Structure formats: C-alpha cells, structure tokens
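Participant: show me the folded form of this:
(one chain, ligands or ions: 1)
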Amino acid sequence: MTSTKLQTYRENGGVSLTWKDLSVKEVKEKEKGRAILKGITGYALPGELLAIMGPSGSGKSTLLDALAGRLNSNTRQAGEILINGRKETLAFGTSAYVTQDDALMTTLTVREAITYSAMLQLPDAMPASEKKRRAETTIREMGLQDCIDTRIGGSWSAAKGLSGGQKRRVSICIEILMRPKLLFLDEPTSGLDSAASYHVMKRIAHLARPEGMTVIASIHQPAAEFFASAGFPCPPQRNPSDHYLRTVNKDFDEQDSTTAAEENIEILVKSYQSSEISQQTEQQVAGICQLGRASRRRTVQKGSQASFVTQCSVLTRRSFVNMYRDLGYYWLRFAIYLGLCFCVGTVFYDVGHDFGSIQARGSMLLFVAAFLTFMTIGGFPSFVEDMKIFGRERLNGHYEVGSFVLSHALSSIPYLIIVSLIPGAVAYLLVGLQRTPQHFAFFTTLLFLCMLLVESLMMIVASIVPNYLMGIMTGAGIQGLMILSAGFFRLPHDLPNWFWKYPMYHVAFHKYANQGFYKNEFVGLEFPRTNNAGTTIDGEEILRYVWEMETGYSKWVDLGVLTGMVVVYRAVFWGVLKFGEKIKPILRGGGSAKRATTVDVDACSDGENAV
Ligand SMILES: Nc1ncnc2c1ncn2[C@@H]1O[C@H](COP(=O)(O)OP(=O)(O)OP(=O)(O)O)[C@@H](O)[C@H]1O
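Facilitator: As a prediction, this is how the structure comes out:
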C-alpha cells in the first residue's frame, strides 16, 4: 500500500497495526516457561484482511490475543506492538475481537440478540429505527436471514437452535455492528462448510475495504507460493490447505516418522528469514512507524456509545427476557420452592400456641431463613453463563460494569418477588403463623431480601470461580459457615468468641434473617411456660432467654441491615469485576512497558476502549 493511501486511511480513522520481535512465553513458577511465539514481525493495514494460517496449536490464537492485548495472565510477552506507529489508545467501538468460543445468550433469537446488541453499543444520538436497520443489514450481510427468528439455543436450552457455523456468524455480526476500525477474528470460518466460509470471508473483506477496516483473522484456508519456494510444493491431487498444514503439524511426528514436521518448520523459518518477503515486511513496519511518528495528533478518533441509562435499560430488558425463557433460572426453582413450602406447611401444619410450638416455630423459621435461601445457589449455572457473556461483551467495551451489576439486580427483582411471595404464602398459611397482613408482608419481604442477597453472593462467586461444580461448592461452603455461626445450632452466648462470634456471627446475614423472622413471629404472642403449667411466657422473653437474640432493636432494624447488606454485596460484586479488569493487564504485562495493545476496558467507563 502506498504511503499516500495509508495517510488517507489514517486521516479517516484507519488503524495500521505493527508488531516487531513479538515473543510470548508461558510463565511457570518453578520451571522455565515454554515459548509460544518467537520473534514475530508483521503488520496489518486499513482496508485489508490479514489471514493468519497454521495448524492447530501453532499459536494463531496467541498471536491474536497478544495483538488484542488479551493474553492470559500466565504468559509474558516481549516486543513492540504499535498502532499507527505509536503507542496509542483506541476509542470505544474502534476495535473488536470475535473469539473462538461463542458466548451468546442462548434464549434469544438471532434478531433479538443482534438488535439488543445494536441498542447497547450504538450511540443514543442514533434513532432506534436506524439501530434496528443496522442490525437487520448486518444479519443479511452474514447470510443469517433464514434463521433470523430462530433461538440461538445451546447446552442449557432444550431446543437445538443454531448450528455451530451460524453461531459463529452471530458472534461476528455483534462485533461488526459498530463497524470497528480494527477487527480480530479467531477462526471465523470454523464450523462452516467451504461455501459458507467463502461467503463469510468475502463479506468481511467487502466490509473492510470501503470502511477502511483492518481485519486480522486466523483461518484454516490456504495461503500461497511461499511453501513451493521453500521446497514444499503442493502435490497436484492434494488440497493445498491440507498440504500446508500437514507440512508443519508437529503433533503427529512421533507416530508418523515420514512427516518430520519439526525439520520442515526449521527449513521454512530459515527460508523466510532470508526471503524477500521478510525484508519487505521489516521495511513496511519501519515505514508505518515513521509515518506515525511524523504525525503529532492522535490518529484514532474517539467513538460514542449508548449512555449509562440506555445501557441499564437495554440490559435489564434483555436479562428479563432471558430469565423468563431460561427454565433453570427461576421457574424450576419456583416449582421446587412451591413443593418444599408445601412440605414445610404439612410438617408444621397448624402449629398452634402450646409449649411445643415454641420449638416448632423456631425450627420452621430457621428452615425458611437457612434452607430456602440456600437453594438460590440452584441458579448458579445460569449466573456462570451470564458471566461468560458479560466477559465477552465487556472485553469489547459494549457497556460499563455498573450497568451490568445494576441491570442484573433489577431484572431479577420481579422473579424473586414471585418466588418468595407464592411459595412463602403456602408455608405461612399452612403453618398458621401470625395472621395479619403486616406480619405476612414482613415475612415475604425478608425472604425476598435473603434471596436477593444470596443471588448477589453467588454472582460474586461466579465472577471469581467461573466453574459450575467448584462455584456451587464454594457458595454452599460459605453459606454453610454462615448458617453454623448464625446463633441457632449453637446459641449466641455459647459460640466461641474467636472467629465464630467475632466476626462470623455478626457478619453472617442469617443472624439478621433469623432475628427478623423470629421477632416478627414471637413478639405479641404468649405461650405456656411448660407443658402442664398454667403460667405463661411472652414472645419477647422467649427471644431474649430461649433464643438469646438481640432484642434491643426492632425487626425493622434487622430488615434494614439486610437491605444494606444487599447493597454492600452488589457493591462488592462490582468491585470484584472492576478489580479483576485492573489486575489482569498488570499480571499479563509483567511490568513490560512495551505493550501498546492492552485492552484497557476500564476506559470504557468514559467512553474509551484502549488498545
Ligand atoms: N496461556 C497459556 N498457557 C500455556 N500454554 C498456552 C497458553 N496459551 C496457549 N498455549 C499453548 O500455546 C500453543 C498455541 O496455542 P494457540 O491456542 O495459540 O494455538 P492455535 O494455533 O490457535 O490452535 P487452534 O487452531 O487449535 O485454536 C498450544 O500448545 C497451547 O497449549
């Protein structure tokens, strides 16, 4: 590409990416880490599509990750990656990365997924009708018009939904909605037949040219003459891509001594290093950098994105629809709660007001405060799916962390109200707890708050331990610890001071849940002192002397503490996500100042996405 043309692209916000002597190696604590990439130099220009080809495990994804600033924290990179010859920050919407795994909301149709994404990413200044049109055009561009109203589907949904190749195309659609200046595609054609691969790549190439887009894609399709010049011509009857990949695929060396790929690679590397292509590449990189240094102003323009309010509103709607359609999110839990509350109602049926009912009431309320809220961990697999989607969208800077945290809480509220109100009413009425609307309202509000709180706790766990089994075990362990120290199984005065009383008893939300439920039920009632005695004991005395509860403050204080805890837990969830984003690039960078392409998603909060 001539320097005048490059200058024109650059003036229109085009991005030239150069990398020089780029190496990536695995970092291990005790042993020496393995090299994944060694001294790579290259460039990608606006209006062009750069294809990276290689057999499985050759480092294509690692190269893309390094260029996009998304290397795993157990790797270290060296070398220089520059944007338009400089270390520069890219504004929001100017870069996007379609990774190999399609983290999509399986309950949405293709149209819904892409339209919600358009609403989330495109600026408020663009009318909604225009955003919808952009979504529909993009769907057509990727050849998805025939399955536009098909639900994406996946492992957690009953319906099969889209094929692997169609899902790939949905992922691409979502990332090209903003027409980013720099687009990374990791195997965009995997799962596609050759005709579909051809059409998808052709459409991406068509987008690249007029939009001045720089596209870097890893593919399994053939490159050209270089192999023949290095002494590995493709035999006439063999598929060229198969031939190239077979020549350099080391994985089967031991089984098949005739291939000797290791030697082939060495020959190819040496041949490349002394080739004209290598020299031209070095010259191009130097030329691009020189041009960049000559320009004083920031070359990549800042984009605009939907406002915080729009993000919250769209995310809440999308999450609400997902929760409604995903049976495992709330409906299954609702059915189990209903069944369990019916069981509680029959076990403690019409508990009455005799001496024995004191213990029965206590046990029933503890079951509600501990076990019914504990079961909220059943939603964990859905939370993990949500976190995967959040991870992808957030890395591409689609929205702010705050919008996600807030919208997730808002969308769950209606379902949690249903789940706490209806099953709660069944248990409450069958057992025959205090029959005033105020007492019932307090009971269900407390149950609702506890569920909201456990959901927040499980979202924190999902953001730290994104693995179903380990996450459920961690969540169950934390709650088990809290239940044990909440002052029921061991009364508060008997709890060992160290750890169990300070701090566990005071920080466990079960303490306040138990107190709230007990105060709501016992205050205002009287019971016989023993089975036969005529004297009575009032509810407050029971709370103070039997359950050893803190009666110096009312049940409303317990409710207030729980509300505060919900806010704190959500704030912690937000903090964990933000901290994770800050710490990852530091771990990855290992202090190296040579990375220009770190995706600093934090910058999205002010509308910037740094690459
Ligand atoms: N974070 C990491 N830690 C350790 N090894 C890694 C890491 N990332 C990649 N590797 C190793 O580097 C090699 C290249 O992996 P990479 O995923 O880049 O290959 P690829 O060419 O994209 O393969 P595929 O086509 O199968 O996706 C593999 O052997 C992989 O195990």
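Participant: for the stretch 451-600 of the chain, what spans make up the helices?
Facilitator: Secondary structure of the stretch 451-600 of the chain (DSSP state H, counting those that start in this stretch): helices at 468-484, 504-507, 509-522, 539-541, 555-589.
Participant: also the stretch 251-400 of the chain?
Facilitator: Under DSSP H, counting those that start in this stretch, the stretch 251-400 of the chain gives helices at 261-273, 276-294, 308-325, 331-347, 356-367, 373-374, 380-395.
Participant: what about the residue lying closest to Asp124 once chain neighbours are set aside, distance to Lys132?
Facilitator: Spatial nearest neighbour of Asp124, excluding adjacent residues (Cβ to Cβ, 6 or more residues apart in numbering): Ser307 at 5.2 Å. Bear in mind the C-beta positions are built from the backbone N, C-alpha and C, glycine included. Using Cβ to Cβ, to the nearest Å, Ser307 is found at 18 Å from Lys132.
Participant: strands of the stretch 1-150 of the chain, start to end?
Facilitator: Listed in chain order, the strands of the stretch 1-150 of the chain (DSSP state E, counting those that start in this stretch) span 17-26, 35-44, 49-53, 75-83, 95-98.
Participant: can I get those strands in TSV including mean neighbour count, mean pLDDT and distance to Ile460?
Facilitator: Below are the strands of the stretch 1-150 of the chain laid out as TSV (neighbours: other Cβ atoms under 10 Å; pLDDT from 0 to 100; distance: least, Cβ to Cβ, whole Å):
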stretch	mean neighbour count	mean pLDDT	distance to Ile460
strand 17-26	20	91	29
strand 35-44	17	91	32
strand 49-53	19	88	38
strand 75-83	20	88	27
strand 95-98	25	90	26
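Participant: circling back to that earlier point, for His398, find the nearest of the helices of the stretch 451-600 of the chain.
Facilitator: When these are ranked by distance to His398, counting by Cβ to Cβ, first place goes to helix 555-589 at 13.6 Å.
Participant: how far off centre is that closest one?
Facilitator: 16 Å (Cα atoms, centre = their mean, to the nearest Å).
Participant: and that helix, what does it pack against?
Facilitator: Judged by 3 or more Cβ pairs under 8 Å, 6 or more residues apart in numbering; DSSP states H and E, helix 555-589 is in contact with strand 75-83, helix 380-395, helix 401-431, helix 437-464, helix 509-522.
Participant: which of those has the highest mean neighbour count?
Facilitator: helix 509-522 (a mean of 25; mean count of other Cβ atoms under 10 Å).
Participant: which residues are in contact with Gly39?
Facilitator: Applying Cβ atoms under 8 Å, 6 or more residues apart in numbering to Gly39 gives the contacts 21-23, 79.
Participant: so can I have JSON lines of the residues you listed showing distance to Ser554?
Facilitator: As requested, the contacts of Gly39 are exported to JSON lines (distance: Cβ to Cβ, whole Å):
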{"residue": "Asp21", "distance to Ser554": "69"}
{"residue": "Leu22", "distance to Ser554": "65"}
{"residue": "Ser23", "distance to Ser554": "65"}
{"residue": "Gly79", "distance to Ser554": "65"}
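Participant: return the member of those nearest to Gln121.
Facilitator: Closest to Gln121 out of the contacts of Gly39 is Leu22 (29.7 Å), distances taken as Cβ to Cβ.
Participant: which residue sits closest to that closest one, ignoring its sequence neighbours?
Facilitator: Nearest non-adjacent residue to Leu22 (Cβ to Cβ, 6+ apart): Gly79, at 3.7 Å.
Participant: distance of that neighbour relative to Leu71?
Facilitator: Going from Gly79 to Leu71 by Cβ to Cβ gives 12 Å.
Participant: with Lys60 instead?
Facilitator: 14 Å.
Participant: any residues of the stretch 1-150 of the chain in contact with the ligand? List them.
Facilitator: Taking Cβ under 6 Å from any ligand atom as the contact definition, the stretch 1-150 of the chain meets the ligand at 26, 36, 54, 56-62, 72, 74-75.
Participant: now for the residues you listed: which two are most distant?
Facilitator: Maximum pairwise distance among those (Cβ to Cβ): 21.6 Å, between Gly54 and Asn74.
Participant: which of these two has more neighbours?
Facilitator: Using other Cβ atoms under 10 Å as the criterion, Gly54 and Asn74 rank with Gly54 on top: 17 against 12.
Participant: would you agree that one is in contact with Lys60?
Facilitator: Yes: if you go by Cβ atoms under 8 Å, Gly54 and Lys60 touch, sitting 5.2 Å apart.
Participant: shared neighbours, those two?
Facilitator: With Cβ under 8 Å, 6+ apart as the test, Gly54 and Lys60 both reach Ser218.
Participant: okay, buried residues for stretch 57-77 please.
Facilitator: 58-71, 75-77 (16 or more other Cβ atoms under 10 Å).
Participant: measure it end to end?
Facilitator: Start and end residues of stretch 57-77 are separated by 18 Å (Cα to Cα, to the nearest Å).
Participant: ok, now stretch 27-35?
Facilitator: Span of stretch 27-35 from end to end, Cα to Cα: 9 Å.
Participant: quick one: closest of the helices of the stretch 451-600 of the chain to His408.
Facilitator: Taking Cβ to Cβ, helix 555-589 is the member of the helices of the stretch 451-600 of the chain nearest to His408, at 8.6 Å.
Participant: export the strands of the stretch 1-150 of the chain to a markdown table and tack on distance to Thr316?
Facilitator: Converted to a markdown table, these look like this (distance: least, Cβ to Cβ, whole Å):
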| stretch | distance to Thr316 |
| --- | --- |
| strand 17-26 | 36 |
| strand 35-44 | 38 |
| strand 49-53 | 37 |
| strand 75-83 | 35 |
| strand 95-98 | 24 |
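Participant: which stretch among the helices and strands packed on helix 555-589 comes nearest Met470?
Facilitator: So among these, helix 437-464 is nearest, using Cβ to Cβ, at 9.0 Å.
Participant: packing partners for the closest one?
Facilitator: Secondary-structure packing of helix 437-464 (3+ Cβ pairs under 8 Å, 6+ apart): helix 373-374, helix 380-395, helix 401-431, helix 468-484, helix 509-522, helix 555-589.
Participant: same thing but at 10 Å, please
Facilitator: On a contact count with 3 or more Cβ pairs under 10 Å, 6 or more residues apart in numbering; DSSP states H and E, helix 437-464 meets helix 331-347, helix 373-374, helix 380-395, helix 401-431, helix 468-484, helix 509-522, helix 555-589.
Participant: now it: how far from the chain's centre is it?
Facilitator: The answer for helix 437-464 is 23 Å, by Cα atoms, centre = their mean.
Participant: so what's the residue count around Val568?
Facilitator: When neighbours are counted by other Cβ under 10 Å, Val568 registers 12.
Participant: enumerate every residue touching it.
Facilitator: 453, 456 (Cβ atoms under 10 Å, 6 or more residues apart in numbering).
Participant: tell me the spacing between it and Gly575.
Facilitator: In terms of Cβ to Cβ, Val568 sits 10 Å off from Gly575.
Participant: what of Glu141?
Facilitator: Taking Cβ to Cβ as the measure, Glu141 and Gly575 are separated by 40 Å.
Participant: with neighbour numbers in mind, choose between these two.
Facilitator: Neighbour totals were compared for Glu141 and Gly575, and Glu141 leads with 19 against 13 (other Cβ under 10 Å).
Participant: grab the nearest non-local neighbour of the more buried one.
Facilitator: Here the residue nearest Glu141, using Cβ to Cβ, 6+ apart, is Arg203, at 5.2 Å.
Participant: this protein against the ligand: which residues are in contact?
Facilitator: Counting by Cβ under 6 Å from any ligand atom, the chain sits next to the ligand at 26, 36, 54, 56-62, 72, 74-75.
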